[in-house]
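# Starting from these lines, generate the structure:
(one chain, ligands or ions: 3)
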Amino acid sequence: MTTVQKIKEIEDEMVIKIEAKTQKNKATSYHLGQLKAKLAKLRRELISPSSGSGGGGAGVGFDVARTGVASVGFVGFPSVGKSTLMSKLTGTHSEVSEIDFTTLTTVPGTLKVHGAPIQILDLPGIIEGANDGRGRGRQVIAVARTCNLIFIVLDVLKPLGDKKLIEGELEGFGIRLNKRPPAIIVRKKERGGVAITNTVPLTKIDHDEIKAVLSEYKINNADVAIREPNATADDLVDVIEGNRVYIPALYVLNKIDAISIEEIDLLYKIPNSVPVSSKEWLNIDELIDSMWSSLDLVRVYTKPRHAPPDYSAPVVLRRGRCTVGDFCSAIHKEIAKQMKYAVVWGSSAKHSRGQKVGLDHVLEDEDGAYPNV
Ligand SMILES: Nc1nc2c(ncn2[C@@H]2O[C@H](COP(=O)(O)OP(=O)(O)OP(=O)(O)O)[C@@H](O)[C@H]2O)c(=O)[nH]1
Ligand SMILES: [K+]
Ligand SMILES: [Mg+2]
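Ligands and ions are numbered 1, 2, ... in the order given. You can find the predicted model right below:
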């Protein structure tokens, strides 16, 4: 049996078990936990390039040189309008036609937003079963895995069904959308069995299921601490597998020129979505605004001591990597080494006249900073 067939078999078995569980059959909790862990292990074989079972091939020939401060990858079924959008946003040519699979490889372009160059990656269309190796899907998803934001581009005439299918393909490849890493810690130890502590009520997982997942991974001695509200067995599996990526996603609902205003109002109920028309260039400003806030970038203006900040060319940093040290390194390698202190202005500073800080000080968006060497 191939890995894909094995996965299918476990998925079928899980459907039966989930039905049994809703009928309050307690013994199935354990079995369900086991199945979820088994499934995750098989899926890992598909993702990992080193596996001998026909998996991998992550991004070969598809990866392009990364430029800019962040990247946005376009994922969607064929002919939803990815290339139309990317070409117009960036001014880079990417072939457009009504024929499916027009785009055959990654096409990069750049869009400047608030002074920050953002790399936009147009990608080939994917089809259902992409992460099982159908079409170029696996390479496409491997590129999406390395992006800072994913645009899931949908055709408004069939948005919801397609949305679920694409999410399934990305999740099967270890990508978690609009989600934070679960607050679960599994600390292996030498002896003492499994001890579970939870600071929140366990609503979607029970001790049997936790133990089943651990035993499937041959973890017989461990402290498990759950602080994640409504943690699931899948969250636990994600923590143990450890190779998940957590990426924000926006749902770009394209081709609104083809539907009525009333229908557009209904589309806004989809969380994290922006209805647009790439062809008629409708609502693109909102799309760019949403892109900017999803990327969560931090602009820092260099400010000479007695002059106003230079607003035209901010140093753009990523949230979580935006200390004064990061800021200095972005300007020049040597500055961080030589800096005695920096003066910062803006919302991270204690007072409006500027505050003296060290390399560890965390900057906020639109702060001004002046490194003193
Ligand atoms: N009505 C309408 N048609 C659009 C819109 N955007 C794109 N199209 C049309 O949809 C078709 C497919 O557009 P593409 O940009 O090639 O789509 P794609 O998603 O890049 O397709 P693949 O590369 O094949 O996956 C073309 O005929 C476009 O003119 C839109 O906003 N409204
Ligand atoms: K097309
Ligand atoms: Mg295309």
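
# Look up how far Lys337 lies from Gly325.
From Gly325 across to Lys337, the span is 10 Å (Cβ to Cβ, to the nearest Å). No exception for glycine: its C-beta is placed from N, CA and C like everyone else's.

# ugh, wrong one, I meant Ile261
59 Å.

# go on, Asp100?
On the measure of Cβ to Cβ, Asp100 and Lys337 end up 54 Å apart.

# With Val64 instead?
From Val64 to Lys337 the distance is 33 Å (Cβ to Cβ).

# Neighbour count: the two, which is higher?
Ranked by neighbour count (other Cβ atoms under 10 Å), Val64 and Lys337 place Val64 first, with 15 against 11.

# list the contacts for that one?
106, 108, 121 (Cβ atoms under 8 Å, 6 or more residues apart in numbering).

# give me that answer again for 6 Å
By Cβ atoms under 6 Å, 6 or more residues apart in numbering, the contact list for Val64 reads 106, 108.

# just His361 next, same as before
Neighbour list for His361: Val324 [criterion: Cβ under 6 Å, 6+ apart].

# Tell me the backbone dihedrals of it, please.
Torsion angles at His361 (phi, psi; degrees, to the nearest 10) stand at phi -60, psi 130.

# again, but for the one 4 residues further on
When read as degrees, to the nearest 10, the backbone of Asp365 gives phi -60, psi 130.

# What is the burial count for it?
Using other Cβ under 10 Å, the number of residues around Asp365 comes to 18.

# what's the pLDDT at it?
Note on Asp365: pLDDT of 95.

# ditto for Asn25
Reading off the model, Asn25 has pLDDT 64.

# ok, Asp223 - contacts?
Contacts of Asp223 (Cβ under 6 Å, 6+ apart): 187, 195.

# try it again with 10 Å
185-189, 192, 194-197 (Cβ atoms under 10 Å, 6 or more residues apart in numbering).

# and it, helix, strand or coil?
strand (DSSP: H, G, I helix; E, B strand; the rest coil).

# could you list every residue that touches the residue of the stretch 251-373 of the chain found nearest ligand 3?
With Cβ to the ion as the measure, Ser278 is the residue of the stretch 251-373 of the chain nearest to ligand 3, at 10.9 Å. By Cβ under 10 Å, 6+ apart, Ser278 lies in contact with 80-89, 96, 153, 252, 254-257, 284, 287.

# Need the buried ones from those selected in PyMOL.
Here is the PyMOL command that picks out the buried ones among the contacts of Ser278, judged by 16 or more other Cβ atoms under 10 Å:
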select buried, resi 80+81+82+83+84+85+86+87+88+89+96+153+252+254+255+256+284+287
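
# Can you list which of the contacts of Ser278 are found in strands?
153, 252, 254 (DSSP state E).

# Grab the nearest non-local neighbour of Ile219.
Lys188 (6.0 Å; Cβ to Cβ, 6 or more residues apart in numbering).

# Which residue is the nearest non-sequential neighbour of Asn254?
Nearest one to Asn254, counting by Cβ to Cβ, 6+ apart, is Gly81 at 4.3 Å.

# you'd agree that neighbour is up against Ser97?
No - proximity of Gly81 to Ser97 does not meet the contact threshold set by Cβ atoms under 10 Å, at 11.2 Å.

# Which residues of this structure lie near ligand 3?
Selection of the chain residues close to ligand 3 by Cβ under 5 Å from the ion yields 82-83, 102-103.

# State the pair within those residues that is farthest apart.
Lys82 and Thr102 (9.4 Å; Cβ to Cβ).

# Phi first, then psi, for the residue nearest to Ile219.
phi -70, psi 150.

# That one contacts Ala195, doesn't it?
No - using Cβ under 10 Å, Lys188 is not in contact with Ala195, being 11.7 Å away.

# shared neighbours of those two, which are they?
221-223.

# Next one: Gly346, what pLDDT does it get?
pLDDT, read off for Gly346, is 91.

# For the residue lying closest to it once chain neighbours are set aside, list the residues it contacts.
Among residues not flanking Gly346 along the chain, Asp367 sits closest, at 3.4 Å (Cβ to Cβ, 6+ apart). With contact taken as Cβ under 10 Å, 6+ apart, Asp367 is in contact with 298-301, 303, 309, 314, 322, 324, 327, 344-349, 361.

# Kindly report the same for Ala313.
Contacts of Ala313 (Cβ under 10 Å, 6+ apart): 115, 299, 301-302.

# Now secondary structure, distance to ligand 2 and pLDDT too, for those residues, in JSON lines please.
Output for the contacts of Ala313, formatted as JSON lines (DSSP: H, G, I helix; E, B strand; the rest coil; distance: Cβ to the ion, whole Å; pLDDT from 0 to 100):
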{"residue": "Gly115", "secondary structure": "coil", "distance to ligand 2": "33", "pLDDT": "88"}
{"residue": "Arg299", "secondary structure": "strand", "distance to ligand 2": "36", "pLDDT": "95"}
{"residue": "Tyr301", "secondary structure": "strand", "distance to ligand 2": "42", "pLDDT": "93"}
{"residue": "Thr302", "secondary structure": "strand", "distance to ligand 2": "44", "pLDDT": "89"}
